[in-house]
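Participant: structure for this input, please:
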Amino acid sequence: MRVLVGCEYSGVVRDAFLSRGHDAISCDLLPTERPGPHYQGDISEMLSEPFDLAIFHPPCTYLCVSGIHWNNRGRGWEETEKALDFVRLLMGANIPRIALENPVSIISSKIRKPDQIIQPHQFGHDASKSTSLWLKNLPKLRPTENVPPRMVNGKPRWANQTDGGQNKLAPSEDRWKLRSTTYQGIAEAIAMQWGGDTGRQAAKKGETFR
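Facilitator: Have a look, this model is predicted:
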């Protein structure tokens, strides 16, 4: 398949598809952090190309519920409205199968509710991070490996959380990058369940592809 991974600079999802023999390319305003097919520029310039599948990761700065309260404290809603229009552009792209991911955000109330909410601890990572998925002609992701939490006063906590439930990641210039990068286990599930294995991975393992 021809796969477009939009708003991704890390290359994590792109490379998961490439490793399974698909023709995948990432696109972002930032350069790719891993060598590989990447278009550095505006994603809208790629939407008219003939892709079979698109995975979109629109920036969540002006969309996530945790930051919306700043709109009523001087920031205003203009940037949020622009971000929502961008989401509508991606969702409406003329691509047969589309997945759009974001943290818990106002996309749910302003556009539509997500089709699924997943957690990295469902895909082999000792971590908690609610991620919403809006799907077009795609099945829901099936969990691949559940990682149990530690219990603190009767509440579940994973390794990236303090006992109080806050994220442990310290403030830094690249904190937003670290927070937005797709977990490898989720990327692998996306590529396998929505793309399948064309035979490259099976050949490496000496298996017969069917």
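
Participant: can you pull out the strands in the protein?
Facilitator: Using DSSP state E, the strands found in the chain span residues 2-6, 23-28, 38-40, 53-56, 97-103, 116-118, 131-136, 150-152, 155-157.

Participant: may I have the first one exported as PDB, CA atoms only?
Facilitator: So the one you mean is strand 2-6. Written as PDB, here are the backbone C-alpha positions of strand 2-6 (Å, rounded to 0.1, in the frame of the first residue of the first chain):
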ATOM      1  CA  ARG A   2       0.900   3.600  -0.400                       C
ATOM      2  CA  VAL A   3       0.800   5.100   3.100                       C
ATOM      3  CA  LEU A   4       1.000   8.700   4.200                       C
ATOM      4  CA  VAL A   5       1.900   9.400   7.800                       C
ATOM      5  CA  GLY A   6       1.000  13.100   8.300                       C
END
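
Participant: so what touches that strand?
Facilitator: Applying Cβ atoms under 8 Å, 6 or more residues apart in numbering, the external contacts of strand 2-6 come out as 13-14, 17, 22-28, 43, 46, 49-58, 90, 95, 195. Every residue, glycine included, has its C-beta placed from N, CA and C.

Participant: turn the strands of the chain into JSON lines, columns for mean pLDDT and mean neighbour count.
Facilitator: Shown next, in JSON lines, are the strands of the chain (pLDDT from 0 to 100; neighbours: other Cβ atoms under 10 Å):
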{"stretch": "strand 2-6", "mean pLDDT": "98", "mean neighbour count": "25"}
{"stretch": "strand 23-28", "mean pLDDT": "98", "mean neighbour count": "23"}
{"stretch": "strand 38-40", "mean pLDDT": "98", "mean neighbour count": "16"}
{"stretch": "strand 53-56", "mean pLDDT": "98", "mean neighbour count": "25"}
{"stretch": "strand 97-103", "mean pLDDT": "96", "mean neighbour count": "21"}
{"stretch": "strand 116-118", "mean pLDDT": "97", "mean neighbour count": "17"}
{"stretch": "strand 131-136", "mean pLDDT": "97", "mean neighbour count": "19"}
{"stretch": "strand 150-152", "mean pLDDT": "94", "mean neighbour count": "11"}
{"stretch": "strand 155-157", "mean pLDDT": "92", "mean neighbour count": "14"}
